[in-house]
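Visitor: Attaching a predicted model along with its sequence, questions to come.
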Amino acid sequence: MLLTIIKKEILEGIRGYKFTLIFISCIILLGFSCWVMYSNYQKNVFDYKLKALNKDELIFRKAPSVLSLYVKGTQEMMERSFIYKKGDYEPTELSIGFKLDFFSQLFPSLDLLYIVKVILSFLALIIGFDLICGEKRNGTLRLMLSNSVSRKDIILGKIIGNYALLITPFLISFLLYFIIINLVPGVKFSFEEIIRVLFVLLSSAIYLLVFFLMGVAISSLSKTQRGSIITCFIVWIFFIFIQPSFATIIAKETQTMPYIRKIEEQKQLAQIEIEKNNNLSKDALWDNIYDKKISLTLGFRNKLNSYINFITKINMFFPTGAYVICTTNMAQYGLYDEMKLRTDLFQTIRSIVKNKANNSENNIITNYSIEDSLSNSVWAILVLIFYAIGLVLLIYMVFIKYDVR
Amino acid sequence: MISTIIIKEISTILRSKVFIISFLSIFILSGVCILVQVDNFNNKQKEYSDYLVVHHQLINSITINYDNSLWLWPDKPVPNLLMFSNGIGQIMRMPSLDRNTITQLFPDVDFCTIISILFSLMAVLFSFNAICGEKEDGTLRLIFSSPMKRSTFIIAKWLGGTICLALCLVICLLFAIIVILFNANIDFQVVDWLSILSILITGVIYISLFYLIGLYISSKTFQSHISMLISLLVWGICILILPSIPDFMGKLISPSPSMAEFIYESEYQIQTEKIKSIDNIRNKYINRGYSENIIDSLSKDEIAKSLNEFNEKQNMIQSDFGRKTQLQTIISTTMALISPYSCFILTCNELTDCGIYSQIRFRNISQDYHSTLWNFIETRKEDFRKNNSSKLSLTGYPVFKYIEPSFKERLMVGGVPIIVLILYNILFFVLTFNAFLKYDLR
Amino acid sequence: MLQANNLTKRYEDGKLALDALNLEIKDGEIFFLLGANGAGKTTTINLFLNFIEPTEGKVLINNIDVTKEPLEAKKHVAYVSENVMLYGDFTAKQNIHFFSELAGLGKLNNEDYYSILRRVGLQDNAFNIKVKTFSKGMRQKVGLAIAIIKNSSNILLDEPTSGLDPKAAAELTAELKELRAKGKAILMCTHDIFRAKELANRVGIMKDGRLIIILNRDEFLKEDLEKLYLSYMNEN
């Protein structure tokens, strides 16, 4: 019986305009996204190849990963070029920290993460919003229930059938562009990276399921179509746009986040103070200043990291936050990866300073292994699954008592 | 006659439960947003004043040994209307590694963004049903069985819906202003009030546009569920997809090197080459067997010539890069006018002094200040050397004063999108008008 | 007075919806237009209301050409539609108020509305309830009240009795009789032969866009109207 309903849902859906809509949007959006992200990737590869020209200088930059074709995450922060000159205290950013392509900061870029998080979740809600109240309006719900079908079968069949309609176009177009992008010279996915991509896909699928179920739940709770759709959008706007700032506001109340520019100013001040009052030898003076600067940096960094940790933990409890954390971690462009990058860079410079050696090796920056990435994102995936199960139960309970009059 | 329909339109909308629920939700969501933003603003202002203290301390303790490798770039003060529109936010020039990466993943959403998303959605949701819904209910036939002109009816529909939503916008904005005045440590100037007023007016134009788009779709279709789907699709394209395209298109049409590449080429590479060529020239003389003492005077002209060449090269790269990025920005901003959403956001950003042109303006101001400050410090250093004083005195150094752009300036750069929005309004009004005149009442 | 002279409507797709209709409904007369679905009854009403333009011929309301002066003509006609939902979030009184303003009536007080609503048989306690909670019969009564309050000399009714319970239908009949007594010209499109027997001065039978026959009251009372109707329908 369940199969009959699933079959009916799928057959009905494939002929409907919604399926065509999703298919076309997936094909266009994912294709365009691939193009945009590939040109971005190329640029980063080019920048990565800029090498230090002098012996006593080092340029550090993380190698761009092919995963940035799908998830941008903290890429802009991670893939910066830092230059370290012998005798400097700390590395400085090559492009001295200000950007000119202002426009790119105004609107989000079209990576897979954005498409799934914002656009496809919107489509998932559109699919879900009149699943039950629409069928009630047409009178087909009464007709269906007049047969010997259990309500459980109906609701499960509807959920499974329509979810299949939502996710298949996404997976097909993803696969299509995955094959195409693999044919492009210069892009090669290693086995580990393919597994990471699979995890990104998995979490996207669960995330879309959660939003689809939210639509269905609202549909079964509201009486009219218009009421249902407006509730859906309010919920959508809340989760996508408003909720992330909650975490920030809670974090600001409980954690202290010093102003980054002030720390820079303090470091320079400390240097001047020490140089003024000391009559030490040149080397000892340098060591003194270095220690002072590093302690300021570390103090700041600890606070910053605990602030980021705190916000990550709060966002983990919401579907959107969990999805973002999960995918960015799996794609090695997450908040933790960025923290690790900073720590690695710091350690590298420190070892160079301590040994007074000229380590000309360029890439000391290591990435998280797949196990670490998984352990960073496993909780987020669990939260998403938990939401999905909870919503299924909610829909089931509401639908069992649903008034079909 | 027209007033009857407008009044009916307004009271149907105001009476419906859906409207009340959605208005309350908009009110709550925008209220939450403005509270978050005010908190954010207060934090930023405190941070900025903290930073200023250290900054002045730093300048005061500069000794003779320091040259302009010392990092004395000024920061932009927190704009008064930051909570309305973040835009690019505060510009920060700093060399360090550590940044607050949270905003990369979880961006702060400002009041104007929330307003523009919510109200455009509401406008579409209240207008997609306006004509084909009345047809389905049979009231459209009833209305036109009375002596009523079609043109009157469609104008009344548009005005009624826009007035309702504009009313909500005014209430939300008033609430936001009250929250700001009570919670934020802020002193609104005339320019700020004018900017808020212009944001309101632009908002109304923007809402009316989306209402017209919904009406147009509604008068082109006969079934409300199809009308709804098309309206939502158009809305999604306008708000979610189109704004992300211009940046890429700008980069595609006018590619410019990345900042890292530019700095690498224009400063780092040229610096290195410069040193090398000077060495070469000197080595040439050394190889000829001249003694160290006279090499300097001999090679002086040649070195100066090669330095000149390098400087020219550097200038060329810089102006080339400047031209390219400027062109890129112009292309991107022009293309952004396709989407009404990005039009609205661009205008709000410029009006609140957080937009692209405000940032370019600030960059120029800060560069001017930076050179003035260092000129001042250099002259004081000269004085110090001449007078042999005990301490470098920097009293009376030029303090960075940021002069906000006047309202006229803001309107000059933010006005183009408003005009485009008005043009869109006219276009869709004509389209809707024509479509409705041909609407089949059967 | 409602007049149709050689009225023809051919749609864009080539379908002939109405073929050379000649009709004159005098004041104080109820004319019933009978016919199957798609026979052209609603097209006739659409033409009288200028919802569509005639391909040929003329429509006159009180000797005003509807095609030339639609707004002027519409001042003299009231319309009751088959299944009007009205404005669900308005009460009965607000609906009638709105439409009376549209009809160009001046200021009316609540009592005027109430008396009309009472007249069509709506219960007093329903006057200030949102229309979306109404049953079909109650909505139809409000629809009729809207037509009555306009006080125009002509009334067009499109399937007004479909889906009404017998009591409501009887009330509607009584109301129409009263309106006829006041000298209104009434055109009613319906399938309801029983009502036609009871009310009509004349009956027209339509088939495939053509008005096949017009029967006077004594003509159709002599024979069984139902039999007559069926015989015309089966005729090719």
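Guide: Everything's here; your move. Numbering: from 1, shown residues only, chains lettered A, B, ... in the order given.

Visitor: Report pLDDT for residue A:356.
Guide: Reading off the per-residue confidence, residue A:356 sits at a pLDDT of 60.

Visitor: now do residue A:361
Guide: Per-residue confidence (pLDDT) for residue A:361: 54.

Visitor: contact partners of stretch A:254-271?
Guide: With Cβ atoms under 8 Å, 6 or more residues apart in numbering or on different chains as the contact definition, stretch A:254-271 has outside contacts at A:89, A:251, A:289, A:292-293, A:296-297, A:300, A:303-304, A:306-307, A:310, B:47-48, B:50-51, B:54-55, B:57-58, B:61, B:70-71, B:75, B:92, B:94-96, B:98-100. Every residue, glycine included, has its C-beta placed from N, CA and C.

Visitor: If any of these are buried, put those into a ChimeraX selection.
Guide: To isolate in ChimeraX the members of the contacts of stretch A:254-271 that are buried, counting by 16 or more other Cβ atoms under 10 Å in any protein chain shown, one can use:
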select /A:89,251,289,292,293,296,297,300,303,304,307,310 /B:47,48,51,54,55,58,71,75,92,94,95,96,98,99
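
Visitor: Looking at the contacts of stretch A:254-271, which are in helices?
Guide: When DSSP state H defines the helices, the subset of those inside them is A:251, A:289, A:292-293, A:296-297, A:300, A:303-304, A:306-307, A:310, B:47-48, B:50-51, B:54-55, B:57-58.

Visitor: List the contacts of the residue minimising distance to the centre of chain B.
Guide: When Cα atoms, centre = their mean is applied to chain B, the residue found nearest the centroid is residue B:355 (2.9 Å). Applying Cβ under 8 Å, 6+ apart, one finds that residue B:355 lies in contact with B:85, B:87, B:88, B:346, B:349, B:413, B:414.

Visitor: The longest helix seen in chain C - what's its average pLDDT?
Guide: For chain C, the helix that runs over the most residues, judged by DSSP H, is helix C:166-181. Helix C:166-181 shows an average pLDDT of 87 in the prediction.

Visitor: ok, now stretch A:212-226?
Guide: For stretch A:212-226, the per-residue pLDDT values average out at 87.

Visitor: So which bits of that stretch are buried?
Guide: The neighbour-count criterion (16+ other Cβ under 10 Å) identifies A:212-222, A:225-226 as the buried residues of stretch A:212-226.

Visitor: Distance from it to the middle of the chain?
Guide: Its chain's C-alpha centre and that of stretch A:212-226 lie 27 Å apart, by Cα atoms, centre = their mean, to the nearest Å.

Visitor: go on, stretch C:57-70?
Guide: On Cα atoms, centre = their mean, the centre of stretch C:57-70 falls 17 Å from the chain's centre.

Visitor: So what would you say the end-to-end distance of it is?
Guide: Stretch C:57-70 stretches 15 Å from its first residue to its last (Cα to Cα, to the nearest Å).

Visitor: can you list the buried residues of stretch A:212-226 in a markdown table and add secondary structure and distance to chain C?
Guide: Supplementary listing: those in a markdown table, determined by DSSP: H, G, I helix; E, B strand; the rest coil; distance: Cβ to the nearest Cβ, whole Å:
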| residue | secondary structure | distance to chain C |
| --- | --- | --- |
| A:212 | helix | 30 |
| A:213 | helix | 30 |
| A:214 | helix | 28 |
| A:215 | helix | 25 |
| A:216 | helix | 26 |
| A:217 | helix | 25 |
| A:218 | helix | 21 |
| A:219 | helix | 20 |
| A:220 | helix | 21 |
| A:221 | helix | 20 |
| A:222 | coil | 15 |
| A:225 | helix | 13 |
| A:226 | helix | 11 |
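
Visitor: Tell me how many other residues surround residue B:344.
Guide: As a burial measure, residue B:344 scores 27 neighbours (other Cβ atoms under 10 Å in any protein chain shown).

Visitor: Assign a three-state SS to the residue lying farthest from the centre of chain B, would you?
Guide: Relative to the mean C-alpha coordinate of chain B, counting by Cα atoms, centre = their mean, the farthest residue is residue B:289 (62.5 Å). Put simply, residue B:289 is coil when judged by DSSP: H, G, I helix; E, B strand; the rest coil.

Visitor: Check residue C:58 too.
Guide: When the rule is three-state DSSP, residue C:58 gets the label strand.
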